[in-house]
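[1] Quick one: sequence plus predicted model below, questions after.
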There are 2 protein chains.
Amino acid sequence: MLTKSSTELVRQQNSMLVLAALRRRGSLSHTEIASETALASATVSAITAELERAGIIARSEQHVQGGRGRPRVLLMPRRDYGYVIVVRISSDIVQYSLADYGGTLLDRFEEARNHDLKGTAAFGQIFAAALERLLQRSRITKEEVLAISISSKGLVAGDGARLIWSPVFGSEELDFQSLLRPEWRAKIMLSNETLLVAQALAVRAEEGRDDFKALAAISLGHSIGLGLARKGHFGELDVSAPNFGHMLHTSSAGLCRCGSRGCIEAAAGFYGILRTAFEVPSDTIPAKFVPLSEMDKIAASARQGHRMAGYAFRQAGIALGNGISRLLSLYEPMPILVTGPGTRYFDLLQKGVEEGLAQSLQVRLMGPPEITVVADEQRLVFDGHLNRALSTIDGGLAAGHD
Amino acid sequence: MLTKSSTELVRQQNSMLVLAALRRRGSLSHTEIASETALASATVSAITAELERAGIIARSEQHVQGGRGRPRVLLMPRRDYGYVIVVRISSDIVQYSLADYGGTLLDRFEEARNHDLKGTAAFGQIFAAALERLLQRSRITKEEVLAISISSKGLVAGDGARLIWSPVFGSEELDFQSLLRPEWRAKIMLSNETLLVAQALAVRAEEGRDDFKALAAISLGHSIGLGLARKGHFGELDVSAPNFGHMLHTSSAGLCRCGSRGCIEAAAGFYGILRTAFEVPSDTIPAKFVPLSEMDKIAASARQGHRMAGYAFRQAGIALGNGISRLLSLYEPMPILVTGPGTRYFDLLQKGVEEGLAQSLQVRLMGPPEITVVADEQRLVFDGHLNRALSTIDGGLAAGHD
DNA sequence: ACTTTTTTCTCGACAGTCGAGAAAATAAAT
DNA sequence: ATTTATTTTCTCGACTGTCGAGAAAAAAGT
């Protein structure tokens, strides 16, 4: 059932529109906002006055200039309105970053993950301590932090705060909400890493052509991640991170470290490729973590014509291709963007991917999807973090009184 | 990018709300509308007055009564505001129905599909002629028809007017928009049949509990259909019909009549089951159409312990189970509702389905989905038709002037 | 100093929702 | 028969929001 609308909601929506425009473009003048949002000049005045009064945006002093006429005065988000903490949890390190409300990076440090310390309880302590350290280094109080955006590989619950399954902690659930709630008033956001990649790529794509509909980001590495970004009925971006890596590929295939058999990851993840290449029995997990150098060696021998190594990459490609074909069968056609450390072997995977794709009616009808390799996954993840955190902050601001 | 809002849009949204409430409940009084929509009484007055002036709704004469106080006067959609034509295209017959704006069925007839007459052109002629006949029988003009809602099994294009692939016409595309556009001013809507089932079931589910999130309807028969209904961010119902039946099950499996190999349908559709049961080579399509009596015989022998017959249903179940597990991997957990003629063999399929489901991490984590058999698919399809057609008409009415 | 140009701001008109209370219409009580 | 109580519907004024037009502001050219 739909929910009722009111004049207040109109203002809220249009406020968000103005804030989003400022976010996209950094800073805009009164007239630019009007043309960007299609709002009347008078409305822009009303909204910006309100936002300014609330201390959310400010007018820049030096009016940049050229031609004649009254100089434009630029409006922009006030950088000191608050702060955002971004945490990227990966298998070997945890990266903590601090950014301001304007989206500029203020501080960053990394901590190696201690693999001896098992369990979520221990991690929780280290995590909380690191956040404290981040505050102290920049002399910021908890109250000034508006959002804490955390990412990990794995499966995130619908409420966006609980990590249900992850390669790092297995199925031991990790609830960041309850971990941080008492002390922090910031909004806690937990996202799958590849979801953030999809978000960042979708924002980029929207800036270019405006016929953007949907895209899928696939991250290749030790595990296989999928992020989906689709434009909803009302023009809003709808991102999700389905459990692609552990979707069933073939029941006859090898054991996955999640405990099931035949997951995509078990064939296309690094350890799966290694297992096939070295002809390790398919019901053993060869390594907790496969260093890139090891993968590089297998790739090199594959490129020199080594049979099993080539076969391993080929099989991985087929698993990916089949998975993508199923993805496209269950969603609409969309371009595929591939990131992650595994992209350096994409030449070896490609033929298998094509083979795996060709088998389905969907691909025969619609043609194969456009598959592009995109570099710099870490940058995309961080961009996605900021994007998501800042725009939900803006949403809350527009909604609550302001 | 989001789009701007305005006070007019507010009225539009709230008008839709009122119309939707009247649709759901048949007829409501002023106060009932107010409580149902959470709108203020004054607002309800304004909106209903407008709708009444436009001839869309009317007050019923006999005020039904009980207690004391001023009697309530009931408002309801005016049945003679316009008409809706519903066409269900199935492999053997085409059913034409006429309903009024109030949603009551006025006329219905069926025509056997002539299987000798191949091709979409011939079908187009027969189709147009049948619509004319439907008008004449009830003495209605084309101008009074507000929507023509057509359903078929198969794959419908995103624009909701073109049939891209269907078991009936293969990949010969059928564009109902261009077929009917010049003469009819009605809105042409083409939907996958199982999508309509999902729509109808979702509407039913929403009436009961209001925590409804999503559901999947699977139709078992000669082909396998999937309809997905999910509640969007703004409370609206988002239905789609992905190409589930022709999603890849296993590349090693049999030939599908779509021309690909290993589709779910090729294992779980009637002809697939028959093929396995009779050990027909897996690269031949045994029959264009398998009569139910034939399937009943196979089922009977399976229930009496015949090995290959039981195996065939088991394999079909596994294909379904794997498919559902993949569906749940790529979407969120949701209940599965099974309809169609194939449900009479569900006892034989069930064990295979469970086996096929059990193989994935998703199911291990979230538990197996709730699977329910729902009877009377044809009724659901028709309900879905009316629901969809009438609510899009209402949407257009609220949007355009009125 | 005056004009031109461009941007920003302000004012009144208009569209919508809401709460409160008036008006309407009936049943029960006197 | 009249009054009272009760319930529903309708109406009025206040409030919030958007919009177009034009005034005010602030610079550059003449």
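    Thanks, I have the structure now.

[2] Every contact and neighbour count from this point should use C-alpha atoms.
    Noted.

[3] Leaving out chain neighbours, which residue sits closest to the closest residue to DNA strand D within the stretch 201-350 of chain A?
    Nearest to DNA strand D in the stretch 201-350 of chain A, going by Cα to the nearest atom of the strand, is A:Phe234, at a distance of 16.9 Å. Nearest residue to A:Phe234, sequence neighbours excluded (Cα to Cα, 6 or more residues apart in numbering or on different chains): B:Leu2, at 6.6 Å.

[4] what about A:Arg364, neighbour count?
    Look at A:Arg364: counted by other Cα atoms under 10 Å in any protein chain shown, it has 13 neighbours.

[5] returning to what we had before: might you report the residue contacts of the residue nearest to A:Phe234?
    Residues in contact with B:Leu2, defined by Cα atoms under 8 Å, 6 or more residues apart in numbering or on different chains, are A:Leu17, A:Phe234, A:Gly235, A:Glu236.

[6] Quick check: it is in a strand.
    No - counting by DSSP: H, G, I helix; E, B strand; the rest coil, one finds B:Leu2 to be coil, located in no strand.

[7] can you list the weak-confidence ranges in the stretch 51-200 of chain A?
    Applying pLDDT under 70 to the stretch 51-200 of chain A flags the ranges A:63-65, A:115-117.

[8] now with 50?
    Across the stretch 51-200 of chain A, nothing is flagged by pLDDT under 50.

[9] And the helices in it?
    In the stretch 51-200 of chain A, the helices defined using DSSP state H, counting those that start in this stretch lie at A:120-138, A:176-180, A:193-207.

[10] got the residues of the stretch 101-250 of chain A near chain B?
    Residues of the stretch 101-250 of chain A lying close to chain B (Cα under 8 Å from any Cα of the partner chain) are A:Glu206, A:Phe234, A:Gly235, A:Glu236, A:Leu237, A:Pro242, A:Asn243, A:Phe244, A:His246, A:Met247, A:Leu248, A:Thr250.

[11] Return the distance of the first one relative to B:Leu134.
    When you say that, I think you mean A:Glu206. According to Cα to Cα, to the nearest Å, A:Glu206 and B:Leu134 sit 47 Å apart.

[12] list the buried ones in stretch A:86-93?
    Residues of stretch A:86-93 classed as buried: A:Val86, A:Val87, A:Arg88, A:Ile89, A:Ser90, A:Ser91 (neighbour count, 16 or more other Cα atoms under 10 Å in any protein chain shown).

[13] and what of stretch A:62-82?
    Buried residues in stretch A:62-82 (16+ other Cα under 10 Å): A:Arg72, A:Val73, A:Leu74, A:Leu75, A:Met76, A:Pro77, A:Arg78, A:Arg79, A:Tyr81, A:Gly82.

[14] and if you look at stretch A:37-55?
    Buried-residue list, stretch A:37-55, by 16+ other Cα under 10 Å: A:Thr37, A:Leu39, A:Val44, A:Ser45, A:Ile47, A:Thr48, A:Leu51, A:Glu52.

[15] quick one: the second one and B:Thr3 touch, right?
    This means A:Leu39. No - using Cα atoms under 8 Å, A:Leu39 is not in contact with B:Thr3; the gap is 9.9 Å.

[16] what does chain A put close to DNA strand C?
    Chain A has residues A:5-7, A:29-32, A:41-42, A:45-46, A:67-74 near DNA strand C, with proximity defined as Cα under 7 Å from any atom of the strand.

[17] Now go through the residues you listed and say which are in strands.
    If you go by DSSP state E, these have A:Ser29, A:Leu74 in strands.

[18] near chain B, from the residues of chain A next to DNA strand C?
    When Cα under 8 Å from any Cα is taken as the criterion, the members of the residues of chain A next to DNA strand C that contact chain B are A:Ser5, A:Ser6, A:Thr7.

[19] how close does A:Lys118 sit to A:Ile164?
    Separation of A:Lys118 from A:Ile164 (Cα to Cα): 17 Å.

[20] Can you tell me the SS state at A:Ala253?
    With three-state DSSP as the basis, A:Ala253 sits in coil.

[21] ok, it - contacts?
    Contacts of A:Ala253 by Cα under 8 Å, 6+ apart are A:Arg261, A:Gly262, A:Cys263, A:Ala266, A:Ala267, A:Ser282.

[22] swap the cut-off to 7 Å and go again
    A:Arg261, A:Gly262 (Cα atoms under 7 Å, 6 or more residues apart in numbering or on different chains).

[23] List the backbone torsions phi and psi for it.
    Per-residue torsions, A:Ala253: phi -80, psi -170 (degrees, to the nearest 10).

[24] Could you break chain A into its assigned domains?
    A:7-77, A:81-196+A:380-399, A:209-376 (automatic domain parsing).

[25] can you list those domains in a markdown table and add distance to B:Ser97?
    Output for these, formatted as a markdown table (distance: least, Cα to Cα, whole Å):
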| stretch | distance to B:Ser97 |
| --- | --- |
| domain A:7-77 | 41 |
| domain A:81-196+A:380-399 | 42 |
| domain A:209-376 | 30 |
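
[26] Point out the most buried one among those.
    Ranked by mean neighbour count, the domains of chain A are led by domain A:209-376 with a mean of 21 (mean count of other Cα atoms under 10 Å in any protein chain shown).

[27] List the contacts of stretch A:192-207.
    The contact list for stretch A:192-207, computed with Cα under 7 Å, 6+ apart, reads A:151-156, A:212, A:215-219, A:225-229, A:239-241, A:380-381, A:383-385.

[28] about what we covered before: and the pLDDT for the residue nearest to A:Phe234?
    Among the per-residue scores, B:Leu2 holds a pLDDT of 77.
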